[in-house]
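K.L.:
I'd like to go over a predicted model; first the sequence, then the structure.
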Amino acid sequence: ILNEAPTDIALSGSTIGSGAAVGTAVGTLSTDDPDNTSGANPAQTFTYAIVSGGGGNFSISGSQLVKAAAEVTPGSYAITVRSTDSGTRPAGLYVDKTFNITVTDTTPPANPTVSSSSHTVNGKTQNNVISISWSGASDNFSGVAGYSWAFSNSPSTVPDTTVDTSHGTDPHTVSSGTLAEGTWYFHLRTVDNSGNWSSKVTWGPTIIDRTPPVITLNGSPTVSQECPANYVDAGATATDTVDGDLTASIVVTNPVDGGTAGSYTIRYNVSDAAGNAAAEVTRTVTITDSTPPDVDIFGGTFMYAECNVPVTLPGGYANDSCAGALPVTISSYGDLNTTAPQKGTYFVTYRAFDGVQPGFRTLEVQVRDTQPPVLIVSPTSVTGECGVPVTLPTATANDLCGAVSQTIQYNGLNPADPEVGVYTVIYRVEDESANVTTQNVTVTIQDTAAPVVTLNGAASMTVECGSAFSDPGAFAVDACEGPLPVT
């Protein structure tokens, strides 16, 4: 029996969506062949192939015309299909037929990139108005028509198919309006001009938190300790409705100095991740100082000073259990004139101040007169003539502390009628404190004047020659020895 050629090809479908998956059937092919209608045994089978058309967007899979490209531009495609039978006498008989395949736009648009200028994903803020912008939506065929969007507390919310914002020039911007505290998402869907809606794109979550944390003091808000104090603060706790325990984030300003008396304020502050600041909590710590400084004086608490000799008072030093080493000043001299101190007992007060109370120490100063008067006698050696009044030197005396009394001890010398000899004249002065100064003056009385001889009668006499001469004589007187015999 001779093989007859197929006469016709049928396709069960001629429409497919542009976004259908690769391998999706457009339709099933079938062939009319006379051999099969005449009862040929075995029945003919057919092999199908695309002869032309389709642009590589379609292929044959068995007896089906299937979509071969991921995206096929919507439109009408003329595809010529060849059906070749399985007969052998002769072999390779076929029939060609052209089909018009319609590709409809079923591809949803690509969603834009969504961002926020006011909030961050997983961020926390007090700002209760979210600003959203998006750019970059695209559609390969009919173009982007618009968008449906919604702000929601749920991540699963799907915007409806009502266009809220028509597509225009990027970026597109919307605002939420005032939102309540909580977790918020922004959901968006894109629709093209063929009515294809995209799946949703979600931005978020972001948290709106306008409630500040609460700080709670541990212990009393007022504390008092005696200086020196090793103050250890009891601290505080902080909680937040969103962030939970914020104790570790508390910023503590603690100026307490346990070594310095005074009142100190410790401040506790904390803010949550959204920037809400808790009401500041404070604790007042008072460091008291009930012990005055201990004041001491270098060299002890008693000293001597010399009358009318400038006195240098010793320094002092002080230590305080709270303030440590402190400077010491003299708060009272007790009438002591340090430049020209006068005899007497004086009490000088030393003072140190620790910032709260003073401490004192008293120095007893006994001003005395132990210095002898100053005696000046000049010259200290005098020579006189026997019997002639001798003039002794003048003495001057003074004392640092007061008046002096002066005496002269002549030791046998009669200044009005001195006799030959060497005398030690003692000048003595004594001050009011019985301090005595003496000065010796050596007085030498000598006899250097010759006796004076006086003639009895005239110094010139006339006697007759041969007459006897009777000499009237003479007498002699010495200033020291008196009358002397004349020979």
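P.N.:
Received it, and whenever you're ready, just let me know what you need.
K.L.:
does residue 36 count as helix, strand or coil?
P.N.:
What DSSP: H, G, I helix; E, B strand; the rest coil gives for residue 36 is helix.
K.L.:
could we number from 205 for the rest of this?
P.N.:
Yep, numbering from 205; the last one is residue 240 now.
K.L.:
so it makes contact with residue 247?
P.N.:
Yes - Residue 240 is in contact with residue 247 according to Cβ atoms under 8 Å; the separation is 5.2 Å. Bear in mind the C-beta positions are built from the backbone N, C-alpha and C, glycine included.
K.L.:
who's more crowded, those two?
P.N.:
residue 240 (18 against 11; other Cβ atoms under 10 Å).
K.L.:
quick one, what contacts the more buried one?
P.N.:
247-248 (Cβ atoms under 8 Å, 6 or more residues apart in numbering).
K.L.:
mind checking how far it is from residue 266?
P.N.:
18 Å (Cβ to Cβ, to the nearest Å).
K.L.:
which intervals of the stretch 555-691 of the chain have sub-threshold pLDDT?
P.N.:
Within the stretch 555-691 of the chain, the set of residues satisfying pLDDT under 70 is empty.
K.L.:
Can you list the residue ranges for strands in the stretch 455-604 of the chain?
P.N.:
455-457, 466-473, 485-492, 498-501, 506-510, 520-524, 528-530, 533-536, 548-557, 562-572, 578-581, 585-589, 599-602 (DSSP state E, counting those that start in this stretch).
K.L.:
Out of those strands, which is the most enclosed?
P.N.:
strand 520-524 (a mean of 20; mean count of other Cβ atoms under 10 Å).
K.L.:
between that strand and strand 562-572, what angle do the directions make?
P.N.:
160 degrees (axes from the mean of the first three to the mean of the last three Cα atoms, to 10 degrees).
K.L.:
ok, and what's touching strand 520-524?
P.N.:
493, 495-502, 529-534, 554, 556, 558, 563, 565.
K.L.:
pLDDT on that strand, on average?
P.N.:
This predicted structure assigns strand 520-524 an average pLDDT of 96.
K.L.:
Figure out how far that strand is from the centre of its chain.
P.N.:
Centroid separation for strand 520-524 versus its chain: 31 Å, with Cα atoms, centre = their mean, to the nearest Å.
K.L.:
what does stretch 482-490 give?
P.N.:
20 Å.
K.L.:
Please apply the same query to stretch 331-348.
P.N.:
That offset, for stretch 331-348, works out to 49 Å (Cα atoms, centre = their mean).
K.L.:
Ok, stretch 369-385 next?
P.N.:
46 Å.
K.L.:
Only alpha carbons, please: show it as CSV.
P.N.:
What follows is stretch 369-385, C-alpha atoms only, in CSV (Å, rounded to 0.1, in the frame of the first residue of the first chain):
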residue,chain,number,x,y,z
THR,A,369,-0.8,57.3,43.0
SER,A,370,-0.5,57.5,39.2
HIS,A,371,2.8,56.8,37.7
GLY,A,372,4.8,60.0,36.9
THR,A,373,8.3,61.3,37.1
ASP,A,374,10.5,59.6,39.7
PRO,A,375,10.9,59.9,42.5
HIS,A,376,7.3,59.5,43.8
THR,A,377,6.8,60.7,47.3
VAL,A,378,4.0,60.1,49.9
SER,A,379,3.6,60.9,53.5
SER,A,380,1.9,58.8,56.2
GLY,A,381,0.3,61.6,58.1
THR,A,382,0.4,61.4,61.9
LEU,A,383,0.8,57.8,63.1
ALA,A,384,0.4,56.2,66.5
GLU,A,385,3.3,54.8,68.4
